[in-house]
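Asks: can't give you the sequence, but here's the structure:
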């Protein structure tokens, strides 16, 4: 039956489309192939989501090998939620990219851009879909290598430097993950996640297992860009082509958050985290620091993309705070914030892409009076900013609300204060953007404003509307998040 | 390299054998040591040796960049194609047994074809790396 094959077909379609983009050697054809294939995948993933909500998890055995021996793709409510987010964002970004990349990527490289974009997308979907720890590493490398190239495709010199920086740090992270997997494999002899989880329980206190767990966690934290390991992120977001920074900001760190969740709760189980090493406490303190430090640095930035990059570091802190409170409310907050922040940040970076396209500037001091020339685009930025702050009625509010609630329930009132303080700091840095585009007096520095096409306006507003929609109608996101966190910490 | 008579004669003698050895490694990958990756590198190395010793211009003309790029994609498509064929035949992705009536021969064919795919892609990518580095001045 074809419907049994859907978990693999979502990846195979992209794997076929990506080389086709190169063979056609034409930017427009490649765009059409990429968009159509991504939309098809979106259809498949929506169908799978529907199935999983109704009938429960799906397990797919690659090559017909039974799970502990072969590679298994296991889809439950958590994976499919992340995959849905990734594919949703990608299928909105691709139409948006049609006009934007004309200014940002050289003509003869455009088809390569789409091919590599599809590979990055495929890798991210694969990380979320697979139930095999080594397969996670393989897909992580596929998506990371593709991402390095995407960042380096920018026309500016700094984008190569940013790509190189990410290449070095990302490779260190991936190598850490690989070494850690080696440790766990040598102790248990299995790579299948659920099998690994049962086999780890009796030997969880042994030194190699603890070492392996620590190493993998550090590797994931580099990919996730949690505070002291975030150094690759600002340059990558600032100097990549805007399409790429929108995609990265919206999904790539979110997949890191998914990996962390999966690793802590599904593989090692909460048993270890309280007794042997204070993993959750470490994560919680780093995340609290990330919230404050990211927001404070963001306040002092002059480039709007760099400002938002540091805001991302702060928001990643929120995700990890949610993830490291092992109650259903805490995890729900973290998981809901993964999607809501992804949508918000994606929308904001896409708006900035529009501004860079029309005005050719992203420095705050050169954007004075933008609201008069581009009222709708500025309004989009305003709504996104409100969601970053966490104003009720926007998507950013839901996650923070749950996180604060979970922190108070769990007796972590300092964390709750930090989360609120982070929102206050967010008011300052969002205010800084709004001040310069709305209220600043003085001469308008930028010259001609280029008109945006519908290819850019419609996707941006789709995401902006989604930002508001998911702040009011929370059934879809919250429903899946609650179910996912129930499966993760169900026994407690 | 016009003056180095020994190098030129020896490489001229060796290149056919390197290619032959590459194909041997390719086709024996399923039973003996070897396989697509090694074979791809060996075959590419024969072409690279030719380009270094004799004339990179002729090598470039024989294998232009856009053709190598497309060939590298064909290899990947061949690999995925086997997976799709097994799904159409009623198995899971890459369940080679379904490629033939007999499971053993199905497995044999499947591995052989995907190894050829790997070989094509690897040799094309090796040439791409060499040509793009050799183009720098």
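Replies: Received the coordinates, thanks. If you're wondering where the values come from, they're calculated on a predicted model, not measured in any experiment.

Asks: What residues does whichever residue of chain B sits closest to chain A make contact with?
Replies: Residue nearest to chain A within chain B: residue B:73 (3.4 Å; CB to the nearest CB). The way it works is simple: take the backbone N, C-alpha and C, and place the C-beta from them, glycine included. With contacts defined as CB atoms under 8 Å, 6 or more residues apart in numbering or on different chains, residue B:73 is in contact with A:19-20, A:22-23, B:121.

Asks: Include pLDDT and distance to residue A:279 when you put those residues into TSV, please.
Replies: As requested, these are exported to TSV (pLDDT from 0 to 100; distance: CB to CB, whole Å):
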residue	pLDDT	distance to residue A:279
A:19	91	41
A:20	91	44
A:22	89	43
A:23	89	47
B:121	94	41
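
Asks: Check these for burial and list the buried ones.
Replies: Of the members of the contacts of residue B:73, the ones counted as buried by neighbours, 16 or more other CB atoms under 10 Å in any protein chain shown, are A:19-20, A:22-23, B:121.

Asks: part of a strand, is residue A:73?
Replies: Yes - Residue A:73 sits within a strand when classified using DSSP: H, G, I helix; E, B strand; the rest coil.

Asks: Run a quick neighbour tally on it.
Replies: Other residues near residue A:73 number 22, with proximity taken as other CB atoms under 10 Å in any protein chain shown.

Asks: Give me the neighbour count for the residue lying closest to residue A:152 once chain neighbours are set aside.
Replies: Among residues not flanking residue A:152 along the chain, residue A:163 sits closest, at 3.5 Å (CB to CB, 6 or more residues apart in numbering or on different chains). Neighbourhood size, residue A:163 [other CB under 10 Å]: 24.

Asks: of the contacts of residue B:73, closest to residue B:25?
Replies: Nearest to residue B:25 among the contacts of residue B:73 is residue B:121, at 15.4 Å by CB to CB.

Asks: Would you agree the closest one is in contact with residue B:72?
Replies: Yes - counting by CB atoms under 8 Å, a contact exists between residue B:121 and residue B:72, whose distance comes to 5.0 Å.

Asks: What's the local residue count around residue 12?
Replies: Let's take chain A. One way to gauge burial is a neighbour count; for residue A:12, by other CB under 10 Å, it gives 17.

Asks: Switch to chain B, please.
Replies: Counted with other CB under 10 Å, the neighbours of residue B:12 add up to 13.

Asks: Check the secondary structure at it for me.
Replies: Secondary structure of residue B:12, reduced to three states by three-state DSSP: helix.

Asks: Can you pull the residues of chain B lying near chain A?
Replies: B:66, B:69-70, B:72-74, B:76-77, B:80, B:83-84, B:87, B:91-97 (CB under 8 Å from any CB of the partner chain).

Asks: Could you work out the most separated pair of the contacts of residue B:73?
Replies: Greatest spatial distance among those (CB to CB): A:20 and B:121, at 14.6 Å.

Asks: list the helices and strands the lowest-mean-pLDDT helix or strand in chain B packs on?
Replies: Lowest by mean pLDDT, DSSP states H and E among the helices and strands of chain B is helix B:56-62, with a mean of 84. Identification of packing neighbours for helix B:56-62 by 3 or more CB pairs under 8 Å, 6 or more residues apart in numbering or on different chains; DSSP states H and E yields helix B:36-53.

Asks: State the mean pLDDT of the helix it packs on.
Replies: Computed over helix B:36-53, the mean pLDDT rounds to 91.

Asks: still on that earlier bit, could you give me the PyMOL syntax to select whichever of the residues of chain B next to chain A are buried?
Replies: Applying 16+ other CB under 10 Å to the residues of chain B next to chain A, the buried members can be selected in PyMOL as follows:
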select buried, chain B and resi 69+70+72+73+74+76+77+80+83+84+87+91+92+93+94+95+96+97
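
Asks: Could you list which of the residues of chain B next to chain A belong to helices?
Replies: The helices in this structure, assigned by DSSP state H, contain B:66, B:69-70, B:72-74, B:76-77, B:80, B:83-84, B:87 from the residues of chain B next to chain A.

Asks: residue contacts, whichever residue of the stretch 151-300 of chain A sits closest to chain B?
Replies: Using CB to the nearest CB, the closest approach of the stretch 151-300 of chain A to chain B is made by residue A:152 at 14.2 Å. Going by CB under 8 Å, 6+ apart, residue A:152 touches A:159-160, A:162-164.

Asks: how about 10 Å then?
Replies: Under the criterion of CB atoms under 10 Å, 6 or more residues apart in numbering or on different chains, the contact partners of residue A:152 comprise A:159-164, A:166-167, A:236, A:239-241, A:244.

Asks: any chance of the residues you listed in CSV, with secondary structure and pLDDT too?
Replies: What follows is the contacts of residue A:152, written out as CSV (DSSP: H, G, I helix; E, B strand; the rest coil; pLDDT from 0 to 100):
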residue, secondary structure, pLDDT
A:159, helix, 87
A:160, helix, 90
A:161, helix, 90
A:162, helix, 90
A:163, helix, 91
A:164, helix, 92
A:166, helix, 91
A:167, helix, 93
A:236, helix, 89
A:239, helix, 88
A:240, coil, 88
A:241, coil, 88
A:244, helix, 91
